[in-house]
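Peer 1: pasting the sequence and the predicted coordinates here, then a few questions.
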Amino acid sequence: MHNLNFETANAIYIHFPFCSSKCPYCDFYSTKYTKLGVDQFWAALFMELKELSRTTKNNLVQTIYIGGGTPSLIEPVFVAELLQKIKYRFKVPPTAEITMEVNPASVTEEKIIKLKRAGINRLSVGIQSFNDQHLSFLGRRSNAENNKKILSLIDNYFDNYSADLIFALPNQSLNEFEQDLEEILKFSPPHISLYNLELHENTPFHEQYKKGNLKLPAEELDADMYELALEKLNTAGYRHYEISNFCQPGYRARHNYLYWLYQPYLALGPGASGFDGSCRYQNFRDLEKYIDYYNPERFTFAEIMDLKKKNKKSFSELLKNKKKLDVNNKAKIRKINCLTAEEKMAEYSFLALRTDNGLFYHKFYQKFKRDFKTIYKAEIEELIKNKLIIEANGRIYLTTRGRELANEVFLKFLLD
């Protein structure tokens with residue numbers, strides 16, 4: 001089995017796998033929140049952090065992202081301890097972007113303040129809508145008024161934050177989506193992410209769709225909503241720098257942008273997916289298996305802190321029954337998929353095309369020592385003919401129509 005090997009860390013993603021309830025459209029791994037579960041998970045997470053830090057040669061970290069799940073359920077003391085542990089094992093410069101996702105239903109003014117004090121310098125808030133009917137349909141526990149309240153509080157305390165909206169919902173009109181856009185623009189968030197509703201397999205919405213109990217808007221309405229968003233956000237001064245993402249000058253999401261630049265990143269927690277530059281890996285979506293592997297004695301966060309003070313031992317020394325981690329044991333916690341040269345080139349291509357800069361031929365050659373136009377000659381000609389991409393100044397990039405049909409463009413690189 002391949003052993004992960006990071007030339008550089010670049011970024012760290014932490015998956016917090018707990019929710020108070022599961023949204024019916026979400027396919028990210030999560031489980032029911034319990035205080036004991038969080039305590040034991042946190043102790044296990046510190047062990048995985050130690051393990052993965054040993055796979056990294058250059059441990060300079062540019063960004064840290066805590067996602068989930070619902071990370072805003074975390075007590076800020078845990079966040080402060082986690083960031084302290086990361087900074088002990090990695091070089092985290094003062095300019096590093098440190099983001100945490102928050103749900104308006106599980107965050108307060110006090111918690112917002114404490115998260116900032118703990119070291120978080122960017123929040124990503126899941127607004128999703130300002131329409132109570134649509135919020136209820138999406139399974140969100142917050143309502144329109146609370147969304148506005150929390151967004152206002154975040155705006156008071158954070159210079160850098162992002163707000164998410166979901167569109168193309170069943171029975172959503174173009175006018176209703178326009179109202180959502182106008183409402184979010186009142187706050188002028190530095191960053192906005194827009195996602196049309198996708199029906200992922202093994203979610204309640206997908207099951208309803210298969211039974212014919214859920215119908216999505218027509219493709220034409222979906223496209224109209226997207227074009228309306230482009231127009232309004234462009235007029236408001238936002239740069240459409242990636243298919244689903246818009247920012248004011250200087251507020252691009254640095255963490256996500258590293259993904260699109262095909263940079264390596266560490267990922268921790270059950271269900272988390274990472275990339276070492278050659279291999280992609282995913283931890284199994286199983287909290288119990290994760291804790292059994294990294295924290296077999298089921299220590300809680302408080303017990304670890306107490307034992308460390310009394311015994312003056314490291315965390316790993318306290319886990320005295322823990323087996324030594326070796327290459328074969330790692331198969332019990334994660335799956336690793338090493339990419340072929342063709343797969344790397346395909347991934348690099350469609351990730352670059354997600355951005356407004358597109359794909360530069362010379363950068364492709366620098367990375368793979370292959371000529372992009374020779375490898376994908378037929379694909380380029382077909383996509384230009386169908387007005388999905390533009391070729392100019394030594395690069396290709398998506399047209400507006402290409403962004404609307406981006407998955408069709410990406411498949412051209414994956415299938416050939």
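Peer 2: Noted; the coordinates are in hand. Residues are numbered from 1 along each chain as shown.
Peer 1: residue 383: neighbour count?
Peer 2: Other residues lying near residue 383 total 23 when counted by other Cβ atoms under 10 Å. Every C-beta, even on glycine, is put in place using the N, C-alpha and C of the backbone.
Peer 1: quick one, phi/psi of it?
Peer 2: The phi/psi pair for residue 383 (degrees, to the nearest 10) reads phi -70, psi -40.
Peer 1: for it, which residues are in contact?
Peer 2: Contacts for residue 383 (Cβ atoms under 8 Å, 6 or more residues apart in numbering) come out as 389, 396, 402, 409, 412.
Peer 1: which among those end up buried?
Peer 2: 389, 396, 402, 409, 412 (16 or more other Cβ atoms under 10 Å).
Peer 1: if we can go back for a sec, just the contacts of residue 383: which are in helices?
Peer 2: Of the positions in these, 402, 409, 412 sit in helices, assigned by DSSP state H.
Peer 1: and which of the buried ones among the contacts of residue 383 is nearest to residue 167?
Peer 2: Checking those against residue 167 with Cβ to Cβ, the nearest one is residue 402 at 19.0 Å.
Peer 1: identify the residues contacting the nearest residue to that closest one once chain neighbours are set aside.
Peer 2: Leaving aside its chain neighbours, residue 402 sits nearest to residue 388 (3.8 Å; criterion: Cβ to Cβ, 6 or more residues apart in numbering). Contacts for residue 388 (Cβ under 8 Å, 6+ apart) come out as 398-399, 401-402, 405, 408-409.
Peer 1: ok, so what distance separates residue 388 from residue 351?
Peer 2: According to Cβ to Cβ, to the nearest Å, residue 388 and residue 351 sit 17 Å apart.
Peer 1: for the stretch 51-200 of the chain, just list every one of the strands.
Peer 2: Secondary structure of the stretch 51-200 of the chain by DSSP state E, counting those that start in this stretch: the strands cover 56-68, 97-102, 122-128, 161-167, 191-196.
Peer 1: same question for the stretch 201-350 of the chain.
Peer 2: Using DSSP E, counting those that start in this stretch, strands in the stretch 201-350 of the chain cover 239-242, 245-247, 266-268, 273-275, 279-283, 334-338.
Peer 1: what's the most buried one of those?
Peer 2: Highest mean neighbour count of those: strand 266-268, a mean of 25 (counted as mean count of other Cβ atoms under 10 Å).
Peer 1: contacts for it?
Peer 2: The contact list for strand 266-268 (Cβ under 8 Å, 6+ apart) reads 6, 9, 11-15, 45, 48-49, 52, 56, 273-275, 281, 283.
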